[in-house]
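1. Below are the sequence and a predicted model for it; my questions follow.
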Amino acid sequence: MKAIRRFTVRPVLPDPLRPLSDLARNLRWSWHAETRELFQAVDPETRRTAECDPVRMLGAVSAGRLAELARDEQFLHRLTEASEDLRDYLEGPRWYQERLERGARLPSAVAYFSPEFGVTAALPQYSGGLGILAGDHLKAASDLGVPLIGVGLLYRHGYFHQSLSRDGWQQEHYPVLDPNELPVTLMREADGTPSRVVLALPGGRSLHAHIWQALVGRVPLLMLDSDVEENAPGEREVTDRLYGGGSEHRLLQEMLLGIGGVRAVRTYCRLTGHPEPEVFHTNEGHAGFLGLERVRELSGTGLDFDSAVESVRAGTVFTTHTPVPAGIDRFDRELVARHFGDDGELPGVAVERVLQLGTETYPGGEPGLFNMAVMGLRLAQRANGVSTLHGAVSREMFAGLWPGFDPAEVPITSVTNGVHAPTWVAPEILRLCDPGGNAPGHRDPATDVPDRELWDLRRTLRARLVTEVRERLHASWRSRGAEPAELGWIDDVLDPDVLTIGFARRVPSYKRLTLMLRDRDRLRELLLHPTRPVQIVVAGKAHPADDGGKRLVQELVRFSDDSRVRHRIVFLPDYGMAMAQKLYPGCDVWLNNPLRPLEACGTSGMKAALNGCLNLSVLDGWWDEWYEPDFGWAIPTADGAAPDEDRRDDLEAGALYGLIEDRIAPRFYDRDGAGLPGRWIEMVRRTLGTLGPKVLADRMVGEYVERLYAPAACARRALEDPAAARRLADWKARVRAAWPRVAVDHVEAAAPTAADGSAELGSSLTLRVRVALGVLEPADVEVQAVAGRVDAADGISDARTFPLKPAGGQDLEGRWLYEGPLALDRTGPYGYTVRVLPAHPLLATGAELGLVALPAEAAGDGAGVLMR
């Protein structure tokens, strides 16, 4: 029979055990080994549950066992120590507070918005890399003491659980999540009623949402939940599933995340006294509407729309996480228009002003669509990609928003992602050495750990993975309909002494799950080699609507079902955080073979590296930035064959097989007289000791603070006075109106050139430039020479800029004279041009307005090429 109503009965802890509740409700336990060990001691029979969900575990412990623990002096001593340690962690000064004491100008608080957060498997609100990255960002911010407030949605069905049919087809199962059984707390007003946010919808409807709070160490994570009685059935389902539903469903999710999220932050700060955020950080365009809500707030204080936009932009950071336009949310303009204005949100704000923010005005853009990333970039003064290569790809992708500028000057920087070591590093690795270089007293993996000890640990972790794989594989086959009598072969799946390669990620086509299957005979030879065998563990989920991805999963599953190789290659369904934490430490090599440059960062390889796993990857994402031969292997790419996808995949698969066959397997199995693979162990040492500190989330969050959050807070403070915001908006409007009359009229150079037109290295040109500014003044612009090496078409690369200074007033024709030196600091073909840019102390970059004036012909009027 099925229950007609579901509710939660909470355990009543004896007074001496009350601190257990606080420990369970703060998700710091998910990365704090001592706290997890304490919960495991509560009831050895629920040890596995305690590892991943102490809240659920406490609800399952018998009253008798709790009474016994309440009399156990040794346990109570451990409990007191853990409780005091948490209090010290939450209240003591950390890196951020130390920076403030030294006089750093840092934001009072930062609001961090993401559509998903992967903090722990006990709070399944993530689908893939974006969510895991967001969870690691919160944890690292907590460890560093950064006053961050996380903002997301609480999905009642989370993301799907994956299983396989008998023939290997992916099947999705959505859990029913009761917030009362999750490590979250309902935010309430002073009178005890639930706090709520309300959004206005077309037709006089409303969207209500409760606010749930999870504690991620020092960081509160606010999650909005539309499954409340005040909503009609359609509105109740807005937060049903992560990345589910059609366009209007997604639009309502993103309005609730952005607009409702700002209102939730205001409610939280009002109730708790937490400082109001000075900086708002939006990850991808999903939360882009947060900027519009802040514009609405400022409009209510008397600021006009343009002035409010300037104030909002100053304090906003936008991070793009996708290298492909298809990964960006785009909505029909008419759909967006229906949800804003007097019959929806932001009444009093002209709908056309809202639509302009998301319009694709660049060549090739679709005027009928509203682009969330474009709006996010227009409402943020600072933007970044998530690796150096991805930053360059993003500048190319969005260059149309800054016409007249080369992609290299598009104002999108990069902060390479990092991963949270305490979450992803096996406790045994942390006890043996410290790959992050942060724990005092721990041994240096590069010098202090003996070869035998390090290699024995690697085998222990590999053996643990073998056990985990067999358990999961058995469960998978049972769910596929197999009887226990058919599954005896699983006892021989994988070998703890065989080279183990891991591959686990989402399954969009560009990640190429099945590249390893291009030559199946060759793969079988690698798996079944008589002296140097290889075994492969694969996991990954395709999006529920992606039948192409599901076919890739099925293809891989069917190959791994073959009785000839099934002991050497396995596919594990339902990839998630709990599985990943066993997979990374147990693998020797981590494989990543996306289409370059479509991997924005690819942090799974970072997590593997922190466990001493070597990387085998295409030079994409973070690996393009930090690859060294000591850390693993680079898979050669066939970029020139890109138009012919089959040929490209054949070439790159062949290169992959060759690396495993000729370099990786021989190195793994090359043993010395003591039975140790000395050269392999040395690579493990280098990975742990040298690569490890680079890939840490602490480094990433520190970069965000120093390079993006702090400048954004200063910019926001400069516009705190509404009059300052109005002045900046008025100045921009004046410059835009006047810009058509700005021109570079004449360029001349006094150059120490030889008769053949060449010049000596180390000499300099003296440039004299006449520019027309129309109604603008020299204080409104900057005149620059831009110089560098030139190609056959006179295109400038590796450009440097040289400011030119005013040299007198206007001539009879109203032109201004500028002059200055141009240093010739490089040999070879060299060239220059001159340009005029808007200039204002409150601009983050000269490209911010997307305005530039160039000579009629960049190579004319003395803008020539010099040879040496």
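-> Structure's in. What do you need? Numbering: from 1, shown residues only.

2. Regarding residue 535, what is its secondary structure?
-> strand (DSSP: H, G, I helix; E, B strand; the rest coil).

3. Count the residues that sit near it.
-> If you count neighbours by other Cβ atoms under 10 Å, residue 535 ends up with 25. (Each C-beta comes from the backbone N, C-alpha and C, glycine too.)

4. Tell me if I'm right that it and residue 498 touch.
-> Yes. The criterion here is Cβ atoms under 8 Å, and residue 535 meets it with residue 498 at 4.9 Å.

5. what sits in contact with each of these two?
-> residue 568 (Cβ atoms under 8 Å, 6 or more residues apart in numbering).

6. thought residue 695 was touching residue 609?
-> Yes. Between residue 695 and residue 609 a contact is recorded at 6.1 Å, counting by Cβ under 8 Å.

7. the strands in the stretch 601-750 of the chain, which residues?
-> Ranges of strands within the stretch 601-750 of the chain are 614-618, 632-635, 743-750, based on DSSP state E, counting those that start in this stretch.

8. for the stretch 751-868 of the chain, that is, sorry about that
-> Using DSSP E, counting those that start in this stretch, strands in the stretch 751-868 of the chain cover 764-772, 781-790, 796-810, 815-823, 830-838, 865-866.

9. got any ranges where the stretch 51-200 of the chain has weak pLDDT?
-> Applying pLDDT under 70 to the stretch 51-200 of the chain flags the ranges 51.

10. And the helices in it, which stretches?
-> In the stretch 51-200 of the chain, the segments counted as helices under DSSP state H, counting those that start in this stretch are 54-60, 63-70, 73-91, 95-101, 129-144.

11. pull the helix or strand with minimum mean pLDDT from the protein.
-> strand 865-866 (a mean of 36; mean pLDDT, DSSP states H and E).

12. on that earlier part again, looking at the strands of the stretch 751-868 of the chain, spot the one closest to residue 602.
-> strand 796-810 (27.7 Å; Cβ to Cβ).

13. Would you quantify the distance from residue 208 to residue 256?
-> 10 Å (Cβ to Cβ, to the nearest Å).

14. so what sits against both of these two?
-> Going by Cβ under 8 Å, 6+ apart, residues that sit against residue 208 and also against residue 256 are 197, 226.

15. Give me the more crowded residue out of those two.
-> Neighbour count, other Cβ under 10 Å: between residue 208 and residue 256, residue 256 has more, with 26 against 23.

16. The more buried one - nearest residue in space that isn't next to it in sequence?
-> residue 224 (5.6 Å; Cβ to Cβ, 6 or more residues apart in numbering).

17. same check, this time on residue 231
-> Using Cβ to Cβ, 6+ apart and skipping residues adjacent in sequence, the residue nearest residue 231 is residue 208, 5.3 Å away.

18. thought that neighbour was touching residue 232?
-> No. The criterion here is Cβ under 8 Å, and residue 208 misses it with residue 232 at 9.9 Å.

19. Count the residues that sit near residue 193.
-> Using other Cβ under 10 Å, residue 193 is surrounded by 8 other residues.

20. meant to ask about residue 236, not that
-> 18.

21. what about it, distance to residue 208?
-> In terms of Cβ to Cβ, residue 236 sits 9 Å off from residue 208.

22. joint contacts of those two?
-> With Cβ under 8 Å, 6+ apart as the test, residue 236 and residue 208 both reach 226, 228.

23. Quick one: end-to-end length of stretch 109-117, please.
-> Terminal residues of stretch 109-117 lie 19 Å apart, using Cα to Cα, to the nearest Å.

24. hang on, I meant stretch 158-169
-> 21 Å.

25. So which bits of it are buried?
-> 158, 159, 160, 161, 162, 163, 164, 168 (16 or more other Cβ atoms under 10 Å).

26. May I see the residues you listed organised as CSV, with distance to residue 67 added?
-> CSV is the format used below for the buried residues of stretch 158-169 (distance: Cβ to Cβ, whole Å):
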residue, distance to residue 67
158, 35
159, 39
160, 40
161, 36
162, 41
163, 40
164, 44
168, 50
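
27. and the closest residue to residue 790 other than its chain neighbours, what pLDDT?
-> Distance criterion Cβ to Cβ, 6+ apart; nearest residue to residue 790, sequence neighbours excluded, is residue 831 at 3.9 Å. If you check residue 831, the pLDDT there is 87.

28. The chain should start at 25 in everything you say after this.
-> Sounds good: first residue 25 from here, last item residue 855.

29. Bridged to residue 855, which residues?
-> Taking DSSP bridges as the rule, residue 855 bridges to residue 812, residue 889.

30. Next up, the contacts around the residue nearest to residue 820 when sequence neighbours are not counted.
-> Excluding the flanking residues, the one nearest residue 820 by Cβ to Cβ, 6+ apart is residue 812, at 4.6 Å. Residue 812 sits next to 820, 821, 822, 823, 824, 850, 854, 855, 856 when contact means Cβ under 8 Å, 6+ apart.

31. circling back to that earlier point, want to throw the strands of the stretch 625-774 of the chain into JSON lines with mean neighbour count, mean pLDDT and distance to residue 875?
-> As requested, those are arranged in JSON lines below (neighbours: other Cβ atoms under 10 Å; pLDDT from 0 to 100; distance: least, Cβ to Cβ, whole Å):
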{"stretch": "strand 638-642", "mean neighbour count": "25", "mean pLDDT": "98", "distance to residue 875": "38"}
{"stretch": "strand 656-659", "mean neighbour count": "22", "mean pLDDT": "98", "distance to residue 875": "41"}
{"stretch": "strand 767-774", "mean neighbour count": "18", "mean pLDDT": "90", "distance to residue 875": "12"}
